[in-house]
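[1] sequence-free structure coming up:
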């Protein structure tokens, strides 16, 4: 990470990933397969059956077979799936091998929690810089990422060839920050601010993260169970 | 929050919420409706049409009508939905009025970011305490929540009548922490550790938060667009 990452070779998306047509519903489930297959690999297994995956993931075995058939059906009856092959394939489809570079706006608690987590490493995303408006933290490092001036955002995006910008700044500043990115080569925004971004017909992909949604799902489940009692 | 919350009146789930049968797919979408309706209320509107919601939420108007019909169909053609009524109903279904109390395990960056956010207030959840193993932060307050000793976890859950425990501690300690909760009256765990918890046939509902999943969805979308070019 940091300065060195400028030298990391970027893998072209085209050459890295052959992308078959996979339905959006299956795509949504792929990150889960990614996580579970990592776990299986860590356990030293080279084969896994749909029944085993089914038990681990709490999804029916038939759903798993159907999902994995979408991109080529690498399972063999009575023999299971080749874990490494499946993992590699899912990584390709999800763009894990693309060497995307990320910059985090906001070096507060959330930004710091994100860069210190192993989340990016695991997914082949390189966090190259953070920016903040608070003068007293400019130049510091969080995890192993340096904090730069928010004023230099566009310049940093160019210098570090940033693909993904992660918004962890206050909601009221989200739109202004996103607007600045329209003139850069940034390809995606991961938005934690809770502010819906309207970037018109921009080339930038926006993924909104609403952590609170799953708090509500949890509250619902609890209330539901209490009612059942 | 803090000590005072012990005195907050808890609303019984049974009396607060009449829960019609709503499909899991609709339930999953309700937190989004909750967020958008809050926004509409903030804009001072008392009526909203399915077409307006459709535009805001990027969902078809027919999907919205179908979803909202599930719990009674409060829309009137050419007149739209009564925003406050709809919002109140969704809050009831989601258990927003239940006065759930939460305790956060782990007062690091993620735990701090969570308690400082407005997420809990908005959803009627009261964060009553945090716990950590690091002696040097015991007794401090983060946001307006006091940090207590991890050793006192069970006692604190009883004292504060905790309903929800939020796990932001390191992955390797997640299972031990969850096990401790089995003998308490805690009803739900919101799990940020990335460790899958197996609590057998416990009464505790677990909601796993995998923030990294949406990073992968974003990477996928970017890679996909690059391929299309």
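    Good, I have the coordinates. From a predicted model like this one, the values you see are computed outputs, not experimental measurements.
[2] C-alpha from now on. contacts and neighbour counts both.
    OK.
[3] okay, now the domains of chain A?
    According to automatic domain parsing, chain A comprises the domains A:18-94, A:97-213.
[4] looking at those domains, which is buried most?
    domain A:97-213 (a mean of 19; mean count of other CA atoms under 10 Å in any protein chain shown).
[5] what pLDDT does the model give residue A:8?
    On the pLDDT scale, residue A:8 is placed at 46.
[6] can you check the one 3 residues further on too?
    With respect to pLDDT, residue A:11 has a value of 45.
[7] and for the one 3 residues further on?
    Residue A:14 is assigned 39 on the pLDDT scale.
[8] mean confidence for the longest helix anywhere in chain A?
    Secondary structure of chain A per DSSP state H: the longest helix is helix A:24-42. Mean pLDDT, computed over helix A:24-42, is 88.
[9] contacting residues around that helix?
    A:46, A:48, A:53, A:56-57, A:67, A:83-84, A:87, A:90-91, A:94, B:213, B:216-217 (CA atoms under 8 Å, 6 or more residues apart in numbering or on different chains).
[10] return the subset of those residues lying in strands.
    residue A:48 (DSSP state E).
[11] of the contacts of helix A:24-42, closest to residue B:228?
    The closest of the contacts of helix A:24-42 to residue B:228 turns out to be residue A:94 (CA to CA; 14.9 Å).
[12] I'd assumed residue B:215 was in contact with that closest one.
    No: look at residue A:94 against residue B:215 with CA atoms under 8 Å: they stay out of range, at 9.8 Å.
[13] span of stretch A:93-101 from start to end?
    Using CA to CA, to the nearest Å, the end-to-end distance of stretch A:93-101 comes out at 18 Å.
[14] where does chain A have low pLDDT?
    A:1-21, A:71-77 (pLDDT under 70).
[15] any chance you could map the helices in it?
    Under DSSP H, chain A gives helices at A:13-16, A:24-42, A:50-57, A:61-69, A:83-94, A:109-116, A:119-122, A:153-159, A:174-181, A:212-228.
[16] against residue A:117, how distant is the nearest residue to residue A:141 once chain neighbours are set aside?
    Once flanking residues are discounted, residue A:141 sits nearest to residue A:147: 6.0 Å by CA to CA, 6 or more residues apart in numbering or on different chains. Distance of residue A:147 to residue A:117, given as CA to CA: 17 Å.
[17] which strand is the longest one in chain A?
    Assignment by DSSP E gives strand A:126-132 as the longest strand of chain A.
[18] and that one, what does it pack onto?
    Under the contact criterion of 3 or more CA pairs under 8 Å, 6 or more residues apart in numbering or on different chains; DSSP states H and E, strand A:126-132 touches strand A:101-105, strand A:145-149.
[19] may I see these organised as TSV, with distance to residue A:34 added?
    Below are these laid out as TSV (distance: least, CA to CA, whole Å):
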stretch	distance to residue A:34
strand A:101-105	20
strand A:145-149	26
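[20] and residue B:61, which of these is closest to it?
    strand A:101-105 (34.7 Å).
[21] tell me the angle of the closest one relative to helix A:174-181?
    140 degrees (axes from the mean of the first three to the mean of the last three CA atoms, to 10 degrees).
[22] what does strand A:101-105 rub up against?
    Contacts for strand A:101-105 (CA under 8 Å, 6+ apart): A:111, A:125-132, A:150, A:157, A:160-169.
[23] mind running it again at 7 Å?
    A:111, A:125-132, A:162-169 (CA atoms under 7 Å, 6 or more residues apart in numbering or on different chains).
[24] swap in stretch A:202-215?
    Taking CA under 7 Å, 6+ apart as the rule, stretch A:202-215 contacts A:186-192, A:194, B:31, B:119, B:218, B:222.
[25] and it, how far out from the chain middle?
    11 Å (CA atoms, centre = their mean, to the nearest Å).
[26] ends of it, how far apart?
    By CA to CA, one end of stretch A:202-215 lies 31 Å from the other end.
[27] before we move on, what about stretch A:112-131?
    Length of stretch A:112-131, first residue to last, CA to CA: 11 Å.
[28] can you tell me how far residue A:140 is from chain B?
    In this view, residue A:140 and chain B are 16 Å apart by CA to the nearest CA, to the nearest Å.
[29] if I look at that residue, how far off is residue A:217?
    38 Å.
[30] please state the offset of stretch A:188-204 from the chain centre?
    15 Å.
[31] right, I'll call it a day here.
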